[in-house]
Each structure stands twice: as structure tokens, then as C-alpha cells.
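Asker: mind folding the following:
(one chain, ligands or ions: 3)
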Amino acid sequence: MYADVIVDIVRSEADKIFEYSFTDETIKTGSRVIVPFGNKKIEGIVVNVKTECEYSPSKVKPIIESLDPVPALTAESVALMDYMRKTCYVSRAQALRLFLPGEMRKGKVKEQIVRYAILSDGFNRSEISLLRKTAVKQKEFLEYMLENGKTKISFANEKFGSQAVKSCEAKGYIVVTEEKENRSPYLTLSAAKKDIVLTEKQTAAVNEILNTDKLATLLFGVTGSGKTEVYLNLIDKAIRQGKTAIMLVPEIALTPQMLSQLRARFGDAAAILHSGLSAGERFDEWWRLRSGEAKIAIGARSAIFAPVENVGIIIIDEEHDGSYTSESAPRYATADVATFRAKYNGAKLVLGSATPSVDSFLFAEKGEYNLVSLPDRINKKPLPQVDIADMRQEVRRGNNTVFSSALREELKRCLDSGNQAIIFLNQRGYSKTVICAECGHVQKCTECDVALTYHKEEDALLCHYCGAKYKMITACTECGSKFLKYGGTGTEKVVYDLQKMFPEAKILRMDRDTTKNKEGHFKILSAFSERKADILVGTQMIAKGHDFPFVTLVGILDADMSLHFSDFRSAERTYQLITQVAGRSGRAGNAGKVVLQTYSPDNFVLRKAIAYDYEGFYRHEISIRKATGFPPFYDIVRVMIKCDDERAAVETTKALYGELLSFYNQNKEKFRFFGAMKAPIKKLQSQYRYQILMRTEKNDKEILDTVYYSSEKYNRGKIFVSMEINPNNLS
Ligand code: ADP
Ligand code: ZN
Ligand code: ZN
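Answerer: Numbers count the residues shown, from 1 in each chain. Ligands and ions are numbered 1, 2, ... in the order given. Predicted coordinates for the structure are as follows:
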């Protein structure tokens, strides 16, 4: 027999299908194998099995070994891999890597085998007394075994010494067995099963999702409208039909909360996949899904590649979230992959959000998605009232702190009444920048063209782009002046100031710095939901999805921050962020309140957000996109040219631009914009960045192919050229 194999090498020369021969009958489409490649042995995946080969049979080499007893990849994964290769412009090996946990590919993790001691069948208590007097430990061990039965060898070794254990085995008193044991993440995680009866609206939503002849439904439900219960119900129905489910959330931080709800309802049938797990846990959870033992995959973006078969439902919660677009190669949009999988399996796809992306809402308007709305909170609880605090007036009144008087008063009221508050600020660290008061010099990263952020706890300057860490300065590096100013407040300083204002309050901070450790997110969130703290200060990590019943106040410190990004999506992002953060308030008993601080209180987006007028916002935004020629009406195609040698980057940009220009000149009617320039961040991690930016007609395969294949020719040596389609981040 012969096999078509993709080898795990990301080099364009290796981006082909290679033929090998085999006799091992366990080898099938999807099997992981080791094959000879040049003079090396390389891992690969069988993507097709056949009886004849195209290459001359005498030259075809045999597969060296098969790595798993059952194929690691499903037939669907192999088909999806091929689809991604064609639509996302990735090599076969790059696509392949999406489907296997990284540590499995390199064979670094194996199943966890645990060894146990069991007393031999014929063992009799009287044998203990026959042991030599000095064999105290052996006697103790055997007594223990008589009392407790099956015991972990590792435990026995520790307690009685490995010598004693070995002797008992040698004498035949005990036998050692080996068992595969799953490493399960979040073992302590559990939730009581809520006995919830769906409301009429929720039931109608479930039915509409299942009965529509459309593949995908946009579930547009305000925060707290009970979308999660709708998801759980849909998953339940799928499982009852013997099918599987994929449930995606935008942030790793949200997976434990969802997992606990799934476990409460479905027990071990839920498995979690995300990069924050240990290698062993990920490996085991992955195999639990692959083997069909677990039926529900939950995770962030990459869990869309979960190895489940016979999928009945795919849910993308908070579908508008930017994290669903992969920003580095392989670049893909999760909804596209989900659409492929839903089609392949005849499954339903649900995209849920209180603030749908304008792209998705347009799809719903055009009828490509089925639109289902949940316009009210559960029990008709009102959405929290949002008060605007005009920070210009605060400054005029002489308040130079980051807290408006309104927020301060509300905080006091909230804490006095024993409730909890959330303070949101999208800036971590202590101060955003350090500026010289004399010459105005801003401390920058030497590797990147960005300002450094001061972190007080570490007493260091950190680059938020490359992670580089510098010693804090005591004097300006340009003029030597000792007068340094801090510009812009970060979460560390907010906690510091709050603690001064409310010395009694317990405050938690959640941002990338406090969640570095394994299960770090989980620990902070559970402490807060167990009311071990009164205030939670955080970045956008705390904006999404969390359900804290005792939060009655949300403070948004700087609502304008994201408005002023020079990105066509900044209005949309601001609207979403405000609605999402505000939605954390007043979800259970008490009415919630939100204080939104801004320097532009009359801004249209803010006005729409505080009125919860999504459709009003959407109409306005979509008309602007249409008039100006931006997505979802046109595609943004960006070619990024990076090199540590600026001249080489410029030359490459010029050459590629010249080549594309002739194509542009022949196809001008398809372009709204075509130009080459420095990227907004002109240097990152020592690489100079130039770009060719285009706005083109949507989904034009000819343009995309031309741009991609031209760019690839220049992607050589130390020059990195890559193409992005509608990137989320244009910096
Ligand atoms: P969303 O995901 O839309 O923000 P959730 O699903 O988290 O909303 O629901 C908000 C709150 O309402 C949760 O505490 C949830 O347990 C509760 N809830 C949802 N559906 C019902 C229902 N049918 N009856 C009672 N409570 C419900
Ligand atoms: Zn200076
Ligand atoms: Zn840097």
C-alpha cells in the first residue's frame, strides 16, 4: 500500500505531498508516522491511502513507523487542512500544526502511566510474621496494604522506602500494575447544577436555531439575557442525539467559568483545550476528545480544531471578539473554519453576542445568517444605568486624579452597602510612559519604536510589544535631568490610589502581569466571585462574559482610549467594550450602575453605547464603512515587509510595490486604495516594518493570489514578507 504524506517541515520546498509505502494495517488517513526524509527521520501525517503510486515504486521509501494505534487526525481534519491551505494561504505543514497539540508533535509528552501495588492473590496475613525481624519497613508496608488495598507505588516508595517495596514485589507478596491516568485540569472546579427552566424567549431561540434552514444563527442577546443557558440547552440536545459539540469563548480566562457550567451539567463529557494547560493535561484532554470519551470541546480560538467527530453544534460566544482572528501565521478567521466544520458535519453554528461585529450583523441583515434576538435581561431586569462623568469639568474643578467625584461617591456607596465593584482600564503597569520634564524625551524600547511602561512592583520599564525589561532610570537618558514625569495611569497605580482612598477595601488586580501563572486567571476570578475582595481592577480581560452576581458598580476610567486609535474599527471596538464592561453590573439582585469617564461626552459612539442602542450605532457605522470603502464592503489587504536592515526592507518594499503596481494599473477599478509606506509602528523587535496597503473588492481570488505569490517570492533569507487579509490590528 502507498500513502500520501505531509511532512512536518515549514519550508516551501517541503510544501508538497510525498509518497511512501507501508504494510502496517493500522496506518490510515490521519495517522501520524515517522518517515525518512533526505537523511533524516521526520514526523508526518498520512493524508491519503492508495494502492498505486505515481512515483516509480522502486524509489518510494517505506514508512518507518506509525506513532499511534488509531489515526490522530480525523478524515474531517485532513479535509479542513486542505481547505485552509487553499483559502488562508498557509503551507501544508503550517495547517497541520493547528490540528495537533504542539507537545504531541515533537513526541515530548506521552500518556501518563501510574504504577500501583496490589497484594498477590494468595497473600496471607500470616506471611508477615515469617519475615525477618529487621524487615520492619516491609512489614509496615504489607500491613498498610492489607488495610488500604491498591496503593500508588510512588506513595509507597515515599512512605516505606523503595527497597521495601521492591523486596515485597520480588518475594511475590505484591504485584505491580500499570494504569493510564488522565491529567485533568481544574480538578477543583465544580458548580452546582442550576435548575433552570428556559424562559419562553430562550425556548423560542433554541427552536429557531435548530429549525432554521440556514447553517448559522446570529444570537443577538443583551448582556445577561441568558445566552449561556441557550448554549447549554443546544449542547444538551446534541449530546442526546449522540453528537458532539464545540463551545468557544474569546479568552482563556473565561474557559474555567464555562467549564464549570458544562461539568455541572455534563460531567466528564466536557474537555478543555487551551494553551494555559500543562503539556500533559492538554495531551490527555485532546485524546479524550479524539477517542470519543469526551464529547464537548471547550476553549478559546484554537479549540475550533478540536478532534471531535459527528459534530452537532458549534457555538462561538462573544463572536465579535478580536481574538477569533488569528494574527500570526497561520492566519484564519474562526467563523470561516467553524462554517466549514458545520457544513461538513451537517451541524448548526451559533454566533452569540450582545454587540455583534458589524460584519456579522450585515450578514444577518442580508439573510445569510439567521437572526435571533434576546432583547431583555432575564426577569426583565433593567440594564445598568450609565452616568457620564465629564473629565474636562473635573480638571476645571481642580481634580487631577483619575477618579471623577461621581465615581468616588458611587464607590463609597457600593462598598458601604457590601456590594462589589469593577474598575476597568485598558492599560497595565503603573504609568504608561516616563517623560523627562525638562527636554520632553520619552523613554523608548531600543528594539521597538514604542514608549516604555513603568511597572512599580518590578521597579522596571517594560516594553509591552516585545516584553523587554529595562532598569528604571533615575535621570533622563538624553539630558540627565532628574525631573521625570509619569504620563498615563495603569492598573497598578489605580490599585495604589484606590487603596489610599479605601484603606479597608480588599482589591484584586487582573491583567496580563497578574495572570502569568498557570490558572492565574482562574484564581483571581474565583477569589472575586467568592467575595474575597471588594474591588476588581482590570484590563479588557475583565470585560467579557463574567457573571458576578454581587457587582453593582462598574467604573470605566478612560472610555476614550480606544476611540482615538487610527483604526477603522476603533468606533466598533469602543462600542463593544463599553457595552461589555457595563454588562458586568447589576446582573443579579441589586440594580447596577456604571460610571463612564470621558473627555468627549458628546461623542456619538459613547452616546449610543450608554443608551444600549446597538442598531442605532450599527446603522451609522455601516454607512460610514460603505461610504469610505472599508470592510465589510471591501477587503483590506496588507503586505508586511520586515527586516533588521532598514535599507533591505525599503528596497524590498520598492521592488514588490513596483511589481504589484503594474497589476494595479490594469485592475484599477477593483481597488479603493493602493500604496506603500512605513508601518504605524516602524520598528518592532529590531525589525524595521514597511507595508503595502490595499483596499480591494471583496474576496477577489485573482487579487489575493497575485499579491500572495508576488510577496512569497520576496520572503527569503532575513527578509520576512507576509500577506494579511482584513487584519484585526493595523499597527
Ligand atoms: P448572557 O450570557 O446572555 O450574558 P447568562 O446566560 O450568563 O447571560 O445569564 C445571566 C444570568 O441569568 C445567569 O446568572 C443565569 O444563571 C441566569 N439565567 C439564565 N437563564 C435563566 C432562566 N431561564 N431562569 C432563571 N435564571 C436564568
Ligand atoms: Zn531630558
Ligand atoms: Zn520592545
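
Asker: which residues does the residue nearest to Q580 when sequence neighbours are not counted contact?
Answerer: Closest residue to Q580 in three dimensions, ignoring its sequence neighbours and counting by C-beta to C-beta, 6 or more residues apart in numbering: A543, at 4.6 Å. C-beta here means a position set from N, CA and C on the backbone, and glycine is covered the same way. The contact partners of A543, taken as C-beta atoms under 8 Å, 6 or more residues apart in numbering, are 424, 577, 580-581, 584.

Asker: let's see it at 7 Å
Answerer: For A543, the contacting residues are 424, 577, 580-581, by C-beta atoms under 7 Å, 6 or more residues apart in numbering.

Asker: helices - which of the residues you listed land there?
Answerer: 577, 580-581 (DSSP state H).

Asker: what's in contact with stretch 450-469?
Answerer: With C-beta under 7 Å, 6+ apart as the test, stretch 450-469 has contacts from 429-434, 442-445, 447-448, 470-472, 486, 490, 492, 681, 684-685.

Asker: same check, this time on stretch 125-135
Answerer: 138-139, 142-143, 146, 173.

Asker: also stretch 384-399?
Answerer: Outside stretch 384-399, the residues that reach it (C-beta under 7 Å, 6+ apart) are 404-407, 582, 585-586, 592-599, 601, 610.

Asker: quick one: the helices in the stretch 51-200 of the chain?
Answerer: Under the criterion DSSP state H, counting those that start in this stretch, helices of the stretch 51-200 of the chain are mapped to 75-87, 92-97, 102-105, 126-130, 136-148, 153-160, 162-170, 200-211.

Asker: any idea which of those is most buried?
Answerer: Relative to the other members of the helices of the stretch 51-200 of the chain, helix 92-97 carries the highest mean neighbour count by mean count of other C-beta atoms under 10 Å, namely a mean of 22.

Asker: what mean pLDDT does it have?
Answerer: Helix 92-97 carries an average pLDDT of 87.

Asker: can you start the count at 759 instead of 1 from here on
Answerer: In the new count, where the first residue is 759, that last one comes out as helix 850-855.

Asker: what is it packed up against?
Answerer: Counting by 3 or more C-beta pairs under 7 Å, 6 or more residues apart in numbering; DSSP states H and E, the packing neighbours recorded for helix 850-855 are strand 760-765, helix 833-845.

Asker: distance between the longest one and the chain's centre?
Answerer: In this view, helix 833-845 has its centroid 21 Å away from the chain centroid, taken as C-alpha atoms, centre = their mean, to the nearest Å.

Asker: ok, residues contacting that helix?
Answerer: Contacting residues not belonging to helix 833-845 are listed as 787-788, 805, 848, 850, 853-854, 857, 1065, 1067, 1088, 1090, 1095, 1098-1099, 1102 [C-beta under 7 Å, 6+ apart].

Asker: widest-spaced pair of those residues?
Answerer: Distance extremes for these: the farthest pair is V848 and E1067 at 23.5 Å, using C-beta to C-beta.

Asker: returning to what we had before: only whichever of the contacts of stretch 1142-1157 are buried, select them in PyMOL.
Answerer: When burial is assessed using 16 or more other C-beta atoms under 10 Å, the buried subset of the contacts of stretch 1142-1157 is captured in PyMOL by this command:
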select buried, resi 1162+1164+1165+1340+1343+1344+1350+1351+1352+1353+1354+1355+1356+1359+1368
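
Asker: let's see which of the contacts of stretch 1142-1157 end up in helices.
Answerer: Reading helices off the contacts of stretch 1142-1157 with DSSP H, I get 1163-1165, 1340, 1368.

Asker: from these, which has minimum pLDDT?
Answerer: The member of the ones in helices among the contacts of stretch 1142-1157 with the lowest pLDDT is A1340, and it reads 90.

Asker: mind listing what that one touches?
Answerer: For A1340, the residues meeting the contact criterion (C-beta under 7 Å, 6+ apart) are 1142, 1144, 1312, 1352.

Asker: just to revisit the earlier point, who has more neighbours, V848 and E1067?
Answerer: Summary of the neighbour comparison: V848 and E1067, criterion other C-beta atoms under 10 Å, with V848 having more neighbours (21 against 15).

Asker: quick one: contacts for that one?
Answerer: Contacts for V848 were tallied using C-beta under 7 Å, 6+ apart; they are 842, 1087-1088.

Asker: quick one: is the top strand by length along the chain near ligand 3?
Answerer: Longest among the strand segments of the chain by residue count, using DSSP state E, is strand 1429-1442. No: applying C-beta under 5 Å from the ion, one finds strand 1429-1442 separated from ligand 3 by no less than 7.0 Å.

Asker: just the buried residues of that strand, please?
Answerer: Along strand 1429-1442, the positions that meet the burial threshold by neighbour count (16+ other C-beta under 10 Å) are 1429, 1432, 1434, 1436-1437, 1440-1442.

Asker: what residues does it touch?
Answerer: 1206-1208, 1223-1224, 1387, 1392, 1398, 1411, 1415, 1422, 1446-1454, 1488-1489.

Asker: which of the residues you listed are buried?
Answerer: 1206-1208, 1223-1224, 1387, 1392, 1398, 1411, 1415, 1422, 1446-1454, 1488.

Asker: all strands for the stretch 959-1108 of the chain, in order.
Answerer: Along the stretch 959-1108 of the chain, the stretches classed as strands by DSSP state E, counting those that start in this stretch are 974-979, 1002-1006, 1028-1031, 1054-1057, 1069-1075, 1106-1111.

Asker: need the helices and strands packed on helix 850-855 in JSON lines (columns: distance to R873 and mean pLDDT).
Answerer: Shown next, in JSON lines, are the helices and strands packed on helix 850-855 (distance: least, C-beta to C-beta, whole Å; pLDDT from 0 to 100):
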{"stretch": "strand 760-765", "distance to R873": "36", "mean pLDDT": "94"}
{"stretch": "helix 833-845", "distance to R873": "34", "mean pLDDT": "92"}
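
Asker: quick one: low-confidence parts of this protein?
Answerer: 861-868, 942, 944-949, 1303, 1320-1324 (pLDDT under 70).
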